[in-house]
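Undergrad: sequence and predicted model, in that order:
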Amino acid sequence: METPLLQVVDLKKYFPVSGGILKAVDGVSFSITRGETLGLVGESGCGKSTTGRVILDLIPATDGRVVYKGTDITNSVSRTLRREMQIIFQDPYSSLNPRKTVGTIVGEALQVQGIGKGKERSELILETMAKVGLSGDYYHRFPHELDGGRRQRVGIARALILKPSFVVCDEPVSALDVSVQAQILNLLQDLGQEMGITYLFISHDLSVVRHLSQRVAVMYLGKLAELAPASELFTNPVHPYTKALLAAVPVPKYRPDRKKVILRGDVASPINPKPGCRFAPRCTRAAQVCKSEDPVLRDLGGGHMVACHIA
Amino acid sequence: MHMSKDLLDVCDLSVEYRTSDGTVKAVNGLDLRVGTGESVGLVGETGAGKTTTALTILRLLPPRVGFVTSGSLKFDGRELLELSSNEMQSIRGNQISMVFQNPMTSLNPVFTVGQQIQGVLMQHRHLSREEAKKKAGEMLEVVGIPGRRAGEYPHQFSGGMRQRVSIAIALSCNPRLLIADEPTTALDVTIQAQVLELMAELKSEFSTSLILITHDLGVVAENCERVAVMYAGTIVEGADVKDLFEMPLHPYTRGLFGSLPDLESPKSRLTPIPGSPPDPMGLPRGCPFEPRCVIKEPRCKAARPPLMEVSPGHTVACFRVNHLLNRGGVA
C-alpha cells in the first residue's frame, strides 16, 4: 500500500478548564492517502474542528503525532510547509478581515511567503480568483459587499493560492443556503481533482460528507467511533452511535412509513470524562464492560474500523 | 386533504421595511392558508421572507420600520391587522404563539424557566401565582423536563432542553396556532430528532395547527402535511407533502432538490441553481426567479406569474406550468 500523505497517531488535545481537564481530542488515529477526501463527522463539541486545527499546528497537540509525507510535523509546521497545508473555515463572515479588500485577502499568503512581486503577484491573485469563480471586479471590493457564497469563494481562493497538497475544510458550507452550498461543493470537488488536493472534510452534515468523501470517520466526544469507506459506512453502519446518527437525519423524501429510532439524552461533558466507552450512557446496548473499559478501534476487514465492545 | 375551515387565511400580504438605505420588499403578495390541526411547512432560503411572514402574523414587526402595505390576515375569521394592540396582546402567546430559532436569546437569562412559563399563564389565564407555579411544573414535565428543575435558569440547561422550555412556554396556554421558526436549526441532529418528535406528540395531543418555518426540506418531509415554498417574499409552489416531494414542479423547487446531496444514493455531481437570490431592494418586475431560471421565456421578465392550481391542492406560480407538467410526466 502507498504511504499515506498524512498520518495521525493517538492524537490528544486537552484544555485545562475550571473544574478539570477538557479532553477535546482523546487518542484519535487515522491516515489519509494522497488525493483522497476523508470526511470527519460528529455533533457539536465532539472535537472534529480541534482535530483539524491540531493537525495543521494552529493549536499545539497535547500528545500524539502528526506525520506528513513520512516526516513527524507535530507542533512544528514551518512556514515552508504551510504552503502545502491550508484550511478553509466555516464562517465566511467572521473569517475574512473586514478592513481588507478581496485582492489583499486572497494575496496575503503570497506576501507572507514572499512569492512574486507587483504585477506578477496581482496576476496570480486574479488567476486564483478566476479559478474559484470570482470576477476580477471584486479585487478592490470589501468582504461586506459580497454575499455568503462569494465570501466563501474568497476563503477558498485564499487557501488555494499557494497550491497546497493538503487542505482542511472545516464546515465550509454550513453557513450557506442549499442552492449556494451546491455551487461551493462542486467547486471544491473540481478544484480538488484539478489540483490533486487531499482533503480532510469536517462537517456535521452527513449528506454533504457522503457526497464528497471516499472514507468517513465518525467522532463522538473526542474519540473515533467508526471509520469506513463511505458507501460501507452509510449502508452498513456498525457502531450504535453511527446507526443512531444516520437514523436521526431527516430525509427530504416522502416516506410516511419511515421509522425513527430516537437517541435519548444529551451528549455528556468532555470535562473529566468517565472511564469506559464515551457513548455508553446513551447506548441502548451498553453492557457492563462498556462502563469500565475503553473500546479500541479494531478492523472488521476491508478497512471498516469500529470502536465498540459489542458491535 | 383539506380541512373544512381555515384557521389562518393570509391573503395577498405585502410587507416592507423602510430603512435609511432604502425600502426592502420582504413579502410580496403572499397567500397562505392553514387549516385547523394542520401542519404547514414554510420552506425557503435566507431572505425569502419566512420570518417576516411569521412576525407579521403575530404583529411583531419592528415599529416605524416594518409596514404592511397590502393584504389581510384572518385568524379564525377575525382580521388581525385591524385589532388594537391590547386585543392583539390577548391573542399573542395565548391563541397564537411562537417558538424561535435560538432559545438562548429568546429566553430571559435573569428569570428561572419556571417563572417564564408562569408569566404567560398569569397574563393570559389569570391564574394566581400558586396555580401558575403548579401548572408551570406540569408543563415542564410535558416537554420531558423534571418539574423540580423549574427553579433553574436557562444557562443551566443544554440547547435541546432550552428549546423544550421554549416549547413549554409556547404551549402553556394551549394555543390554536403555533409558529415555529427554525426551531431545531441550532441543534444537533440527534437532539433535533427529539425536539421534532416532542412537537409532533404535543401537536396531536393539543390539536394545535402548526406553521413550521425551515430551510431544511428533510424536516418538512417528515413533519408536515402541506408545504409552501417561498422565494423572494412570495409562495412559488404549494402542495401536500407527498405531491411536493414526488412531483415538484416550480423550477426553483426543482433547483433545490438538484442542489441537495443525497444521503442514500449519492450523486456524482450536484446541480446547483446558478446565481444568487434577487436583492429585495430592487426586485425584478416579472417573476422573481427569472434571472436564475433555466426554462425562462421572454414573458417571464414582463409580468409576475400568479399562483395557479394544477391539480387539487397543488399550486404553482410559473408561466411555463404546462411545460413543467409534461416534463413531470403527468397528463
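TA: Ah, there it is.
Undergrad: strands of the stretch 151-300 of chain A, residue ranges please.
TA: Counting by DSSP state E, counting those that start in this stretch, one finds strands in the stretch 151-300 of chain A at the ranges A:166-170, A:198-203, A:215-220, A:223-229, A:298-299.
Undergrad: mind putting these into CSV with mean neighbour count and mean pLDDT?
TA: To be clear about C-beta, it is placed using only N, CA and C from the backbone, and glycine gets the same treatment. Shown next, in CSV, are the strands of the stretch 151-300 of chain A (neighbours: other Cβ atoms under 10 Å in any protein chain shown; pLDDT from 0 to 100):
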stretch, mean neighbour count, mean pLDDT
strand A:166-170, 24, 97
strand A:198-203, 25, 98
strand A:215-220, 26, 98
strand A:223-229, 25, 98
strand A:298-299, 10, 96
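Undergrad: can you list these in TSV and add distance to chain B?
TA: Written out in TSV, the entries for these read as follows (distance: least, Cβ to the nearest Cβ, whole Å):
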stretch	distance to chain B
strand A:166-170	14
strand A:198-203	11
strand A:215-220	10
strand A:223-229	12
strand A:298-299	24
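Undergrad: same list (those strands) but as CSV, adding distance to residue A:266.
TA: Listed next are the strands of the stretch 151-300 of chain A as CSV, based on distance: least, Cβ to Cβ, whole Å:
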stretch, distance to residue A:266
strand A:166-170, 24
strand A:198-203, 21
strand A:215-220, 13
strand A:223-229, 17
strand A:298-299, 28
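Undergrad: how about residue B:244: what's its closest non-neighbour residue?
TA: Excluding its sequence neighbours, the residue lying closest to residue B:244 (Cβ to Cβ, 6 or more residues apart in numbering or on different chains) is residue B:227, at 4.6 Å.
Undergrad: cool, and residue B:274?
TA: Using Cβ to Cβ, 6+ apart, the nearest residue to residue B:274 is residue B:292, at 5.7 Å.
Undergrad: contact residues of the stretch 101-250 of chain A facing chain B?
TA: In this structure, the stretch 101-250 of chain A approaches chain B at residues A:147-149, A:177-183, A:185-186, A:189, A:204, A:206-208, A:210-211, A:230-231, A:234, A:244-250, judged by Cβ under 8 Å from any Cβ of the partner chain.
Undergrad: I'd like to know which of these are buried.
TA: Buried by 16 or more other Cβ atoms under 10 Å in any protein chain shown: A:147-149, A:177-183, A:185-186, A:189, A:204, A:206-208, A:210-211, A:230, A:234, A:244-250, out of those.
Undergrad: select the longest helix from the chain.
TA: Using chain A here. Ranked by residue count, the top helix of chain A under DSSP state H comes out as helix A:178-195.
Undergrad: oops, wrong one, chain B.
TA: Among the segments of chain B that qualify as a helix by DSSP H, the longest is helix B:189-206.
Undergrad: flag every buried residue along that one.
TA: For helix B:189-206, using 16+ other Cβ under 10 Å, the buried residues are B:189-196, B:198-199, B:202-203.
Undergrad: would CSV of these with distance to chain A be doable?
TA: Formatted as CSV, the entries for those read as follows, by distance: Cβ to the nearest Cβ, whole Å:
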residue, distance to chain A
B:189, 5
B:190, 4
B:191, 7
B:192, 7
B:193, 4
B:194, 6
B:195, 10
B:196, 8
B:198, 10
B:199, 13
B:202, 15
B:203, 16
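Undergrad: returning to that earlier point: between the strands of the stretch 151-300 of chain A, which one is nearest to residue B:269?
TA: Closest approach to residue B:269 among the strands of the stretch 151-300 of chain A is made by strand A:198-203 (16.3 Å; Cβ to Cβ).
Undergrad: count of neighbours near residue A:194?
TA: For residue A:194, the tally of surrounding residues (other Cβ atoms under 10 Å in any protein chain shown) stands at 9.
Undergrad: err, residue B:40, not the other one
TA: Taking other Cβ under 10 Å as the neighbour definition, residue B:40 ends up with a count of 22.
Undergrad: and whichever strand or helix holds it, anywhere near chain A?
TA: Taking DSSP states H and E as the criterion, the element that holds residue B:40 is strand B:39-43. No - using Cβ under 8 Å from any Cβ, we find that strand B:39-43 stays clear of chain A, coming within 9.9 Å at best.
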